[in-house]
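Asks: I would like the atomic coordinates for the input below:
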Amino acid sequence: MGHLEERVHDFIRRENLLPPVGRKKIVVLVAVSGGPDSVCLLHLLHKLAASLGIKLHIAHLNHMLRGKASDEDARYVERLAKALKIPAAIESIDVDTYRKKHKLSLEEAAREVRYGFLARVAESAGADCAALGHTEDDQIETVLMHLVRGAGIAGLRGMSPVVEMNTRGGVKMRVIRPLLEVSRKETEEYCLSHNLKPRIDATNTSLDYARNRFRYGIVPILRKSNRDIGAAVRRATETAADIMSFLDGELDKTWSDAVSVNPLGITVDKAKVLSLHPALQRHLLRRVIREALGDLVDIEAVHVENIMEALSKPAGKKISLPRGLKFYVGYDKCLLTGDTVDVCPLPEIKRTHRLKVPGVTLIPGWRVTADVVEERDGEGGFIACVDLDAAGRDLSVRGRRPGDRFHPLGMRGTKKLQDFMVDSRIPVTWRDRVPLVCSQESILWVVGWRISDAVKVTDSTKKILRISLYRRN
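Replies: This next block holds a predicted model:
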């Protein structure tokens, strides 16, 4: 076993990259672009297959971005697969069309398409994991890029040797990176010594891409100060990983008390989160976002900091996050949800609807019943009992209007409806949809919260009107 083979073999064992699957051979899907790193990875895993107890399957995606050169890459990988007698899945997807459809950058679109493709092939091939050819140099560039973007400790951790990833389509995939302690120079020398003649992607030298600017501009300058920058970055990533592991353990102790999942999204208890150490607050919020998205792609430290700042602000604050997420700040609870989700469970009332008293009135989203009863019964929530003579029979249901005032039960006079809603901690996103039962003169009931003092049932009440609202589709 050669020196590089032995190092990669030891790294795979030490980092537990291969999943435990019993006595059967582990199927490893190898992503092969045709470049030196992925070709080196494929060749090494092929030589180590017997000692590792693995079977290989190749996946190559033609991004259709470089014309004939992309087609030649695909043909090269096909020939390599045949030479090594390894089954291969080779497909073409127009990444530029995908980019335009989903309004992404070219790099974002390529990443989404690539991981989606790998997940599909892994599933169809029965693969237990997908191996990527990321090297020590890729790790250095990634960590530096994260730091420049302000990603904090999580970004300093860089790429993990093994990670469970969720694709856009919701498919889970175990991703391993066996070459994270191997330099790009070593993969090129390995290919040369084994006469593999990998393909060279001309775009890898273009300074139009952020990674290439770090690769050819910043990293060489840093190497002048520290020739072994790879080892320095590795120590930093290991330290960051230890810190994140500790935070994971601490967060597990409080997660179920602070976070809950509901049909609208993920709810966070504001007081419980604010009681945590700031480091744990950040870690909790990152995990909440990861629970919602499946990963933290495009999520940066600034997004978490914006949420932390909003937690100490009055209710009603809304934070927009990447990939369509919204974070709504309430009085006691906060909600993380998709921007297509209607965070208010109350149907919108667009106009004034006259009520049948007594009788049943159907309005969009609601069924309203008004019954004259002998005794108060079932009050609370969406059922209220009022004095019929005080309320009258000319009643209607509508939403709030500018300048509305209300005389809440138990108070001496009226107050602005807006102030009542604030004092009652009615969520900002609900206020325009809260039904109001009104007479010609005033608001008689803020549905779900309180009736007017002017129509309360007393000992002198002769007839009781019970009004009930029911949600309907």
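Asks: From here on, just use CA atoms for contacts and neighbour counts.
Replies: Will do.
Asks: List the beta-bridge partners for residue 163.
Replies: With beta bridges defined as DSSP bridges, residue 163 has these partners: residue 175.
Asks: so it makes contact with residue 177?
Replies: No. In terms of CA atoms under 8 Å, residue 163 does not count as a neighbour of residue 177; the distance is 9.0 Å.
Asks: Between the two, point out the one with more neighbours.
Replies: Neighbour comparison, residue 163 and residue 177: the larger count goes to residue 177, with 22 against 14 (by other CA atoms under 10 Å).
Asks: what's near enough to touch the more buried one?
Replies: Counting by CA atoms under 8 Å, 6 or more residues apart in numbering, residue 177 makes contact with 17, 131-135, 160-162.
Asks: CSV for the residues you listed, including distance to residue 311, pLDDT and secondary structure?
Replies: Formatted as CSV, the entries for the contacts of residue 177 read as follows, by distance: CA to CA, whole Å; pLDDT from 0 to 100; DSSP: H, G, I helix; E, B strand; the rest coil:
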residue, distance to residue 311, pLDDT, secondary structure
17, 39, 95, coil
131, 40, 97, strand
132, 39, 97, coil
133, 41, 96, coil
134, 38, 97, coil
135, 39, 97, coil
160, 31, 92, coil
161, 34, 94, coil
162, 33, 93, strand
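Asks: and of these, the nearest to residue 422?
Replies: Nearest to residue 422 among the contacts of residue 177 is residue 160, at 46.4 Å by CA to CA.
Asks: what about the closest one, how many neighbours?
Replies: Neighbours of residue 160 under the rule other CA under 10 Å: 16.
Asks: Not counting residues beside it along the chain, what's closest to it?
Replies: With sequence-adjacent residues excluded and distances taken as CA to CA, 6 or more residues apart in numbering, residue 160 is closest to residue 177, at 7.6 Å.
Asks: Next one: the one you found relative to residue 360, how far apart?
Replies: 66 Å (CA to CA, to the nearest Å).
Asks: Show me the contact partners of stretch 9-17.
Replies: Contacts to stretch 9-17, defined as CA under 8 Å, 6+ apart, come from residues 18, 48, 52, 161-162, 176-178.
Asks: Output those residues as JSON lines; include the columns distance to residue 455.
Replies: As requested, these are arranged in JSON lines below (distance: CA to CA, whole Å):
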{"residue": "18", "distance to residue 455": "71"}
{"residue": "48", "distance to residue 455": "83"}
{"residue": "52", "distance to residue 455": "80"}
{"residue": "161", "distance to residue 455": "68"}
{"residue": "162", "distance to residue 455": "66"}
{"residue": "176", "distance to residue 455": "69"}
{"residue": "177", "distance to residue 455": "71"}
{"residue": "178", "distance to residue 455": "74"}
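Asks: what's near enough to touch residue 248?
Replies: The contact partners of residue 248, taken as CA under 8 Å, 6+ apart, are residue 283.
Asks: what about it, which helix or strand?
Replies: According to DSSP states H and E, residue 248 maps onto helix 229-258.
Asks: Run the chain-centre distance for that helix.
Replies: Distance of helix 229-258 from its chain centroid, counting by CA atoms, centre = their mean, to the nearest Å, is 20 Å.
Asks: Got the confidence number for the residue nearest to residue 160?
Replies: The predicted local confidence for residue 177 comes out at a pLDDT of 97.
Asks: same thing with residue 200?
Replies: 86.
Asks: and it, how many residues sit next to it?
Replies: Taking other CA under 10 Å as the criterion, the count of residues near residue 200 is 14.
Asks: List phi and psi for it.
Replies: Backbone torsions of residue 200, given as degrees, to the nearest 10, read phi -110, psi 120.
Asks: Now do the contacts for it.
Replies: With CA under 8 Å, 6+ apart as the criterion, the residues that contact residue 200 are 34-36.
Asks: Hmm, residue 357 and residue 393 touching each other?
Replies: Yes. Under the contact definition of CA under 8 Å, residue 393 touches residue 357, with a separation of 5.7 Å.
Asks: Compare the two and say which one has the larger neighbour count.
Replies: Between residue 393 and residue 357, residue 357 has the larger neighbour count (other CA under 10 Å), namely 20 against 16.
Asks: give the contact list for the more buried one.
Replies: Each residue near residue 357 by CA under 8 Å, 6+ apart is listed here: 370-371, 393-395.
Asks: could the residues you listed be laid out in JSON lines, adding pLDDT, secondary structure and distance to residue 87?
Replies: Shown next, in JSON lines, are these (pLDDT from 0 to 100; DSSP: H, G, I helix; E, B strand; the rest coil; distance: CA to CA, whole Å):
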{"residue": "370", "pLDDT": "95", "secondary structure": "strand", "distance to residue 87": "72"}
{"residue": "371", "pLDDT": "94", "secondary structure": "strand", "distance to residue 87": "74"}
{"residue": "393", "pLDDT": "95", "secondary structure": "coil", "distance to residue 87": "79"}
{"residue": "394", "pLDDT": "95", "secondary structure": "coil", "distance to residue 87": "78"}
{"residue": "395", "pLDDT": "96", "secondary structure": "coil", "distance to residue 87": "74"}
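Asks: In the stretch 201-350 of the chain, mark out all the strands, start to finish.
Replies: Shown for the stretch 201-350 of the chain, the strands assigned by DSSP state E, counting those that start in this stretch span residues 259-262, 265-269, 318-320, 325-329, 333-338.
Asks: hang on, the earlier thing: looking at the contacts of residue 357, which two lie furthest apart in space?
Replies: 371 and 394 (14.0 Å).
Asks: quick one, which of those two is more surrounded?
Replies: Neighbours were tallied for residue 371 and for residue 394 using other CA under 10 Å; the higher tally belongs to residue 371 (17 against 12).
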